[in-house]
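**Student:** Structure for the following, please:
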Amino acid sequence: MLHIRVVKTTSGTQAVQIVYYRHRKRVIYKHIGSACTDEELDKLKEAAQGLIETHIPPFLAFQDTHPGNLLYLDKTGFMGVYYTFFYEVIDSLISKTGFDRIVEQLLLDLVIICILEPAYKARSIELLEDYFGIKHLRQNFYKSVLSWSNLKSDVEEETVQFAR
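**Tutor:** Numbering: from 1, shown residues only. Predicted coordinates:
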């Protein structure tokens, strides 16, 4: 926020300045001039007010902010949030156990989403896209689900290996 400041000088005149405060310190943006009479002082104040209203950009207090770095909220839209950190942590734990070597990625992704939000399988496939941006086709689920029952002994063996 810009302010007009009037200061007595050592020569007895009054100086008119445009100032703003940054980090609790006064910063002089522009010195308008010095006045000897009240009439001159009023004219300088009017000139300063005119400069504030018409010529000075509204984001003056943030001088180190470049116009190209500003975010215009009226021209932006919220696209969503992905829980990638959660996915990466659980995926790395699964890798440490060795399950990623014997189980296909679709099943591993279903396990991860069931930890976050348990749901029936068709809904879990939708949640994978909503939470992580991972797309799996339902057709692939129905093709793969029959082979998953054969993984029981391999998963048990890998679990025992990891526990040792």
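**Student:** Can you give me the distance of the residue nearest to Glu117 when sequence neighbours are not counted to Tyr20?
**Tutor:** Residue nearest to Glu117 in three dimensions, not counting chain neighbours: Leu127, with 5.8 Å by Cβ to Cβ, 6 or more residues apart in numbering. Every residue, glycine included, has its C-beta placed from N, CA and C. According to Cβ to Cβ, to the nearest Å, Leu127 stands 49 Å off from Tyr20.
**Student:** ditto for Val111
**Tutor:** Counting by Cβ to Cβ, the gap from Val111 to Tyr20 is 56 Å.
**Student:** swap in Glu39?
**Tutor:** 27 Å.
**Student:** Buried residues of stretch 13-30, list them for me.
**Tutor:** The neighbour-count check on stretch 13-30 (16 or more other Cβ atoms under 10 Å) flags Gln14, Ala15, Val16, Gln17, Ile18, Val19, Tyr20, Tyr29 as buried.
**Student:** quick check, nearest of the residues you listed to Arg123?
**Tutor:** Tyr20 (54.4 Å; Cβ to Cβ).
**Student:** Report the beta-bridge partners for the closest one.
**Tutor:** Counting by DSSP bridges, Tyr20 forms beta bridges with Val27.
**Student:** that older thread, let's have the buried residues of stretch 13-30 in TSV, adding distance to Ser147, pLDDT and secondary structure.
**Tutor:** Output for the buried residues of stretch 13-30, formatted as TSV (distance: Cβ to Cβ, whole Å; pLDDT from 0 to 100; DSSP: H, G, I helix; E, B strand; the rest coil):
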residue	distance to Ser147	pLDDT	secondary structure
Gln14	89	94	strand
Ala15	85	94	strand
Val16	83	94	strand
Gln17	79	93	strand
Ile18	75	91	strand
Val19	74	89	strand
Tyr20	69	86	strand
Tyr29	72	87	strand
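**Student:** closest to Val103 among these?
**Tutor:** Tyr20 (61.4 Å).
**Student:** the helices in the chain, which residues?
**Tutor:** 38-54, 84-97, 99-102, 105-116, 121-132, 138-148, 152-163 (DSSP state H).
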